[in-house]
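Trainee: got a predicted structure plus its sequence, pasted below:
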Amino acid sequence: VAARVVDHVLGGWHTFPADRLFAEHAELACPGFIHDVRANRDFGRRVVRWMAAQGVRQFLDVGCGLPMNGATHETLAHLGVPGRVVYVDRDPVAVAFAQNLRPTPPGVTAICGDLRDPDSILNNDVRDQLDFDQPIAVLLLGVLAHMADSDHPDQILGRLRCALAPGSYLGLSHAVHQPLMRHEQRRLRLLYRVTPTPLHHRTEDKLLQLLSGWDLVAPGLVPIGRWRPDDRPMAAAGALASVAGAVASVPEARVIASARSATTDACRSGRRVLPINPSRSEAAASLGRDVSLVPSRPTPNRPPGRADRAC
Ligand SMILES: C[S@@+](CC[C@H](N)C(=O)[O-])C[C@H]1O[C@@H](n2cnc3c(N)ncnc32)[C@H](O)[C@@H]1O
């Protein structure tokens, strides 16, 4: 539902009457809903443009919806930037749409995956398309708000961060509690409750907590309309505070090979266990070992790669 509702609001036509009705009800329940959906797509466009300007050429767009009307590959094409894009969604309709884009955009693939199980996304199909030893931009635009706290969004973000090379980025947007609209937002949540992807508003403090372990890029977590606005009318008008967005980077950090097993659990829980470029003594302390047992450099004959990555 969520993907096709967004498609309808953005002017797409791959929708059922129920999706169009849902969009109308959502706007009635929570005025500003339609604006927020459009502003979110506009935020995504600015984020992709900014990431491309940083030299990122690989994009993993999770919860992509129906990728049109300013979707990631379209923004890259508009910029004339060659890149690889992997679209992921749990909605098979969205994935089928993304797999059948015409004309077929080069470097674009789409797979079915569920963000609640990030390992189902970080699988071989995706690794065949993206080089995880090079920076990747992970886009979670409007999707984390469909995860309940019981889905452990902190661990999801931690797992993704651990899989990424330094220099990678996360682009995030998320529906946030707006005290002045609490009744309207409650009505919106009630509407989504009967769909396969219920909606969860979170506070900005909670989002900042979820982003701990990432380095926030200026201006930090802000209403999406205020994130590096350009001169397009949508961005300028997007001062509503009911969706917040941020870009964050994977800290430059590596651990020595022998610390790998000690970090595995922490990776899964999103905890960071070693400082950036740990010294031998720091690594030894972290491992509870004598410093003489800690090699001074990664094991020879194996290039440093994702296995050595700190998180
Ligand atoms: C609000 S739409 C956002 C679409 C697009 N990212 C955008 O910004 O316009 C949320 C999307 O997340 C997808 N989604 C929800 N839960 C998901 C999950 N657990 N795993 C993957 N995708 C999910 C929905 O199917 C939908 O396409």
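Mentor: The structure has been received and is ready for your questions.

Trainee: confirm that Leu208 sits in a helix.
Mentor: Yes. Checked against DSSP: H, G, I helix; E, B strand; the rest coil, Leu208 lies within a helix.

Trainee: that one and Trp214 touch, don't they?
Mentor: No. Contact criterion C-beta atoms under 8 Å: Leu208 and Trp214 do not qualify, at 10.1 Å. C-beta: built from backbone N, CA, C; applies to glycine.

Trainee: out of the two, which sits in the busier spot?
Mentor: Between Leu208 and Trp214, counted using other C-beta atoms under 10 Å, the more crowded position is Trp214 (22 against 14).

Trainee: quick check: that one vs Asn123, distance?
Mentor: 23 Å (C-beta to C-beta, to the nearest Å).

Trainee: for Ala246, helix, strand, or coil?
Mentor: Of the three states, Ala246 takes strand according to three-state DSSP.

Trainee: where's it relative to the ligand, distance?
Mentor: 14 Å (C-beta to the nearest ligand atom, to the nearest Å).

Trainee: tell me the centre residue of the chain?
Mentor: Leu140 (2.5 Å; C-alpha atoms, centre = their mean).

Trainee: poorly predicted segments of the stretch 51-200 of the chain, please.
Mentor: The model of the stretch 51-200 of the chain has no residue with pLDDT under 70.

Trainee: who in it is up against the ligand?
Mentor: 62-65, 89-91, 94, 114-116, 141-143, 146, 197 (C-beta under 6 Å from any ligand atom).

Trainee: quick one: the helices in this structure?
Mentor: 2-9, 17-29, 33-53, 72-79, 92-99, 118-121, 124-129, 153-163, 182-193, 204-210, 233-237, 260-269, 280-287 (DSSP state H).

Trainee: turn those helices into TSV, including distance to Gly220.
Mentor: Below are the helices of the chain laid out as TSV (distance: least, C-beta to C-beta, whole Å):
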stretch	distance to Gly220
helix 2-9	25
helix 17-29	28
helix 33-53	14
helix 72-79	22
helix 92-99	30
helix 118-121	24
helix 124-129	29
helix 153-163	16
helix 182-193	23
helix 204-210	9
helix 233-237	17
helix 260-269	24
helix 280-287	29
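
Trainee: can you say which of those helices is packed in most?
Mentor: helix 2-9 (a mean of 24; mean count of other C-beta atoms under 10 Å).

Trainee: so what's the residue count around the spatially closest residue to Leu188 that is not a sequence neighbour?
Mentor: Take Leu188 and drop its neighbours on the chain: the residue closest to it by C-beta to C-beta, 6 or more residues apart in numbering is Cys30, 4.0 Å away. The number of residues packed near Cys30 is 23, by other C-beta under 10 Å.

Trainee: that older thread, quickly list what the residue nearest to the centre of the chain is bridged to.
Mentor: For Leu140, the beta-bridge partners are Leu172 (DSSP bridges).

Trainee: touching, it and Leu172? I think so.
Mentor: Yes. Between Leu140 and Leu172 there is a contact under C-beta under 8 Å: 5.0 Å.

Trainee: how about the closest residue to the ligand within the stretch 151-300 of the chain, what does it touch?
Mentor: Using C-beta to the nearest ligand atom, the single residue of the stretch 151-300 of the chain nearest to the ligand is Thr197, 4.2 Å away. Thr197 sits next to 1-2, 90, 146 when contact means C-beta atoms under 8 Å, 6 or more residues apart in numbering.

Trainee: report the two of those residues separated the most.
Mentor: Val1 and Arg90 (11.5 Å; C-beta to C-beta).

Trainee: when those two are compared, which one has more neighbours?
Mentor: Ranked by neighbour count (other C-beta under 10 Å), Val1 and Arg90 place Arg90 first, with 22 against 19.

Trainee: which residue sits closest to the more buried one, ignoring its sequence neighbours?
Mentor: Using C-beta to C-beta, 6+ apart, the closest residue to Arg90 is Asp114 (4.6 Å).

Trainee: mind listing what that neighbour touches?
Mentor: By C-beta under 8 Å, 6+ apart, Asp114 lies in contact with 90, 120-121.

Trainee: and those residues, which is closest to the ligand?
Mentor: Nearest to the ligand among the contacts of Asp114 is Arg90, at 3.8 Å by C-beta to the nearest ligand atom.

Trainee: for the closest one, give its distance to Ala23.
Mentor: From Arg90 across to Ala23, the span is 20 Å (C-beta to C-beta).

Trainee: what sits against the closest residue in space to Trp50 that isn't next to it in sequence?
Mentor: The spatially closest residue to Trp50, leaving aside those adjacent along the chain, is Arg228, at 6.3 Å (C-beta to C-beta, 6+ apart). By C-beta under 8 Å, 6+ apart, the residues touching Arg228 are 46, 50, 219.

Trainee: what is the burial count for Leu101?
Mentor: 17.
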